[in-house]
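Novice: next one to model:
(one chain, ligands or ions: 1)
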Amino acid sequence: MLSTKEIFLIASLLCFVTFLVLFSFREQGVRGISQMLLASVLGMAGNILYAYGRELSPVFAYEIANAVYASASASALFGYRHLFRRPPHMRAWAVAIALLTVLIAWFHYVVDSFLARTLVASLFQAAVAAGIGFTVLHARAEWRRPYYPKIFILSMCLLISAGHLLRIMRQLVSAAAPASLLEPSSGNVLVLAAGAFALPVLILGGLLIAHRRIVLMAEHAANHDFLTGAFSRRAFFDIGGREQARTARTGQPVSLMLVDLDNFKPINDAQGHDAGDRVLQRFVELAQQELRSIDCLCRMGGDEFAVLMPETDLNGAMALANRIRHRMESSADLLCGVTLSIGVASLREEDSLQTLVKRADLALYAAKGKGRNQVQVEENQVQSWGEAEAA
Ligand SMILES: Nc1nc2c(ncn2[C@@H]2O[C@H](COP(=O)(O)OP(=O)(O)OP(=O)(O)O)[C@@H](O)[C@H]2O)c(=O)[nH]1
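Specialist: Okay, the predicted model is just below:
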């Protein structure tokens, strides 16, 4: 059987491991990581103080160890509050930690009572676990798959709170209850092990959530254009591949428009790159307002965009393309007078996605060649829409 000191040392080591993993996450922009890091460091220190503080002075093993460990747990709670964008209520918890330290000192120096110290420390830890559980549960409307990290955290919080309450009960009623923190009885070692591993387990739960957030952020960065928020070229080929497979399965049409801003370069040259950036952003905002929720607007590069239109035949695609082109024309002041050339094509049975893009690109080329500010359809179609044609 492990000794109580070894239990604290192992718990300290686990906090160190969570610290190392959290440290590697610190620059990923996930909220709550710095609070969890602090919880790991304080957890390490608190466990070592519980194990060896007595050898320096009792104040280290009682008041300081409890204050440090309570701060570690509160810091883990703050981490969760930040992760789920909830106010941390730091002042209230600071008061609670100060009160806990005073009470531990009181039940150490004035009335020496292990029972009372256990009661105070365990009530605090149960409150922190309940606070974390409440935070996670309260944010359930924001839960995203996979759910197991949240279920894991909720179960752990329930177990930890119940465990601390049971510890208090046992201390109150059982004749076999330990008389000091480091008593080597097997019952005490088990209770201490459960309590000491609670903090690293709670930090681990936070790590699971933070890890998922980092994966989602990386996916979002890979699938979206940083400047405009439109889907990226990479996402275009992913979504396009899925749409192509769906069309083959269901026979539903899918169309594509390639959009290129006309005379965009002079805006950069005359008004600067930032003005050009703003035009690109506004174009995406305005275009999104015209598109349906099933359409995917992607930035293919520079001032060229693609719109994948599921369940849309060529006529529907041309109508949509013209709507967007007219919208840009009527927003000339916002877009520094930029107009759109658009090439439209529909997927045919024998087409690959690349062939579809190529045909839309040829149509776009034709729109540019015929004077810009117009919509052209794939080369072997007779229809051609737009201002230049109308004129
Ligand atoms: N501001 C800004 N400019 C960009 C960005 N990406 C590409 N560009 C510029 O966009 C311009 C695109 O070139 P073109 O398509 O030849 O310019 P254009 O004047 O629209 O020519 P046409 O398409 O023939 O009408 C180039 O000058 C690029 O440097 C960007 O993210 N921001």
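
Novice: ranges for the strands of the stretch 51-200 of the chain?
Specialist: Shown for the stretch 51-200 of the chain, no strands are assigned by DSSP state E, counting those that start in this stretch.

Novice: could you pull out the helices for it?
Specialist: 58-59, 65-83, 90-105, 114-138, 148-173, 186-223 (DSSP state H, counting those that start in this stretch).

Novice: wait, which of these is closest to the ligand?
Specialist: Nearest to the ligand, of all those, is helix 186-223, at 15.9 Å by Cβ to the nearest ligand atom. Placement of C-beta: from N, CA and C, glycine included.

Novice: tell me the contacts of residue 263?
Specialist: The contact partners of residue 263, by Cβ atoms under 8 Å, 6 or more residues apart in numbering, come to 337-339, 372.

Novice: for residue 111, see how far away it is.
Specialist: Look at residue 263 and residue 111: by Cβ to Cβ, to the nearest Å, they are 85 Å apart.

Novice: residue 232: neighbour count?
Specialist: Neighbours of residue 232 under the rule other Cβ atoms under 10 Å: 19.

Novice: ignore the last one, residue 359
Specialist: Counted with other Cβ under 10 Å, residue 359 comes out at 24.

Novice: show me what from the stretch 251-391 of the chain comes close to the ligand.
Specialist: Counting by Cβ under 6 Å from any ligand atom, the residues of the stretch 251-391 of the chain lying close to the ligand are 260-265, 268, 273, 276-277, 280, 302-303, 368.

Novice: excluding covalently adjacent residues, which one is nearest to the residue in the stretch 1-150 of the chain that the ligand sits nearest to?
Specialist: With Cβ to the nearest ligand atom as the measure, residue 29 is the residue of the stretch 1-150 of the chain nearest to the ligand, at 22.2 Å. Excluding its sequence neighbours, the residue lying closest to residue 29 (Cβ to Cβ, 6 or more residues apart in numbering) is residue 217, at 6.9 Å.

Novice: show me the contacts for the residue of the stretch 251-391 of the chain found nearest the ligand.
Specialist: Residue of the stretch 251-391 of the chain nearest the ligand, by Cβ to the nearest ligand atom: residue 276 (2.6 Å). Listed by Cβ under 8 Å, 6+ apart, the contact partners of residue 276 are 264, 267-268.

Novice: residue 328 too?
Specialist: Residue 328 neighbours (Cβ under 8 Å, 6+ apart): 283, 286-287, 335, 338-340.
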